[in-house]
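Visitor: take a look and give me a structure for this.
(one chain, ligands or ions: 1)
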Amino acid sequence: MPVSSAGTPARGERERTGPEAMVTVRGLVRTYGGGPAAVHALRGVDLEVPRGELVAVRGPSGVGKTTLLNLVGGLDRPDGGQVVVDGTDLSRAGEKRLLRLRRERIGFVFQNFGLVPVLTAAENVGVPLRLLRTPWREREERVGHLLSLVGLAEHAAQRPGELSGGQQQRVAIARALANRPALLIADEPTSQLDAETRRVVTDLLRAAVEDEGATALVTTHDEDLLERADRVFELRDGLLAGEAEGAGQR
Ligand SMILES: Nc1ncnc2c1ncn2[C@@H]1O[C@H](COP(=O)(O)OP(=O)(O)OP(=O)(O)O)[C@@H](O)[C@H]1O
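Guide: Okay, here's the model as predicted:
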């Protein structure tokens, strides 16, 4: 990071967090509501996600895991602290810059999948590529490849309502990978799945990291996924603590 003599980032320089960190979170605070009913979801969270790793955040229900992912993904603004993603300080980025970062560099897998009900599986996977104005042929090839990767080539023409929960989850993962995101953010990507599908989805996340060069930040309770993460953090009482090394195996 270029620094001025005072040790702060040189004026006009894009803030960098070093070559390794894809995400750096410092002192992150998010409070919902006010007064005695205020919910202090995050009270000063610090987190570093190195490039090329699968990092998992665990913690009890309602502890603030989704809140953290939304803030890292630029979908919500914090009440305090700093989030730097891929060299961009989100608190200094305007809406346009945030939108571009989300479209070009980030893939999301939401807890409720977030698929568009009137679009087929293939069309849902193609949405991020349409937003990037990817040419038709390239889009079709990428969508076909991703649907095969998640084992849904045969279901390309079905709409979300005609797919099982596990199939919808896999469509959501294929869609999140469509733009070859530098950062894949996944909120409980294996929840509500049977053991076999959980394994398939975990394999996909590892493949995104190993083969597609992505960095992944996931929340999960799934012991198998935790086992295969490169690092595991625990969110408790609004703070992130206790890093454990996962096995990080394929
Ligand atoms: N928009 C909101 N308005 C008010 N309170 C909210 C809002 N979103 C979340 N909360 C509260 O903030 C806390 C953290 O919620 P969050 O969804 O981040 O938890 P979580 O760890 O992801 O939970 P789960 O594992 O059940 O998905 C909860 O107490 C929740 O009720």
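
Visitor: need the pLDDT of the most centrally placed residue in the chain.
Guide: Nearest residue to the geometric centre of the chain (Cα atoms, centre = their mean): Ile185, 0.6 Å. We have a pLDDT of 97 for Ile185.

Visitor: what helix or strand does it sit in?
Guide: Taking DSSP states H and E as the definition, one finds Ile185 inside strand 183-187.

Visitor: so how far is Val232 from the residue nearest to the centre of the chain?
Guide: According to Cβ to Cβ, to the nearest Å, Ile185 and Val232 sit 16 Å apart. (Each C-beta comes from the backbone N, C-alpha and C, glycine too.)

Visitor: poorly predicted segments of the protein, please.
Guide: Applying pLDDT under 70 to the chain flags residues 1-20, 242-250.

Visitor: in it, which spans are strands?
Guide: 21-32, 39-50, 54-58, 80-85, 88-89, 106-109, 183-187, 215-219, 231-236, 239-245 (DSSP state E).

Visitor: could you dump the ones you listed to JSON lines with distance to Ala156?
Guide: What follows is the strands of the chain, written out as JSON lines (distance: least, Cβ to Cβ, whole Å):
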{"stretch": "strand 21-32", "distance to Ala156": "31"}
{"stretch": "strand 39-50", "distance to Ala156": "33"}
{"stretch": "strand 54-58", "distance to Ala156": "28"}
{"stretch": "strand 80-85", "distance to Ala156": "32"}
{"stretch": "strand 88-89", "distance to Ala156": "34"}
{"stretch": "strand 106-109", "distance to Ala156": "19"}
{"stretch": "strand 183-187", "distance to Ala156": "22"}
{"stretch": "strand 215-219", "distance to Ala156": "25"}
{"stretch": "strand 231-236", "distance to Ala156": "35"}
{"stretch": "strand 239-245", "distance to Ala156": "39"}
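
Visitor: can I get those strands in TSV with distance to the ligand?
Guide: Below are the strands of the chain laid out as TSV (distance: least, Cβ to the nearest ligand atom, whole Å):
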stretch	distance to the ligand
strand 21-32	3
strand 39-50	4
strand 54-58	9
strand 80-85	15
strand 88-89	22
strand 106-109	13
strand 183-187	7
strand 215-219	6
strand 231-236	7
strand 239-245	12
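
Visitor: pull the longest helix from this structure.
Guide: Using DSSP state H, we find that the single longest helix of the chain is helix 195-210.

Visitor: give the buried residues for that one.
Guide: Residues of helix 195-210 classed as buried: Thr197, Arg198, Val200, Val201, Thr202, Leu204, Leu205, Arg206, Ala208, Val209 (neighbour count, 16 or more other Cβ atoms under 10 Å).

Visitor: same deal with stretch 160-176?
Guide: 160, 163, 166-176.

Visitor: cool, and stretch 185-193?
Guide: Here stretch 185-193 shows Ile185, Ala186, Asp187, Glu188, Pro189, Thr190, Ser191, Leu193 as buried, counting by 16+ other Cβ under 10 Å.

Visitor: I figured Ala93 hits Leu101, correct?
Guide: Yes - contact criterion Cβ atoms under 8 Å: Ala93 and Leu101 qualify, at 6.9 Å.

Visitor: which neighbours do the two share?
Guide: Gly74 (Cβ atoms under 8 Å, 6 or more residues apart in numbering).

Visitor: pick out whichever of these two has more residues nearby.
Guide: Leu101 (20 against 16; other Cβ atoms under 10 Å).

Visitor: that one and Asp203, how far apart?
Guide: With Cβ to Cβ as the criterion, Leu101 and Asp203 are 28 Å apart.

Visitor: go on, Leu68?
Guide: With Cβ to Cβ as the criterion, Leu68 and Asp203 are 25 Å apart.
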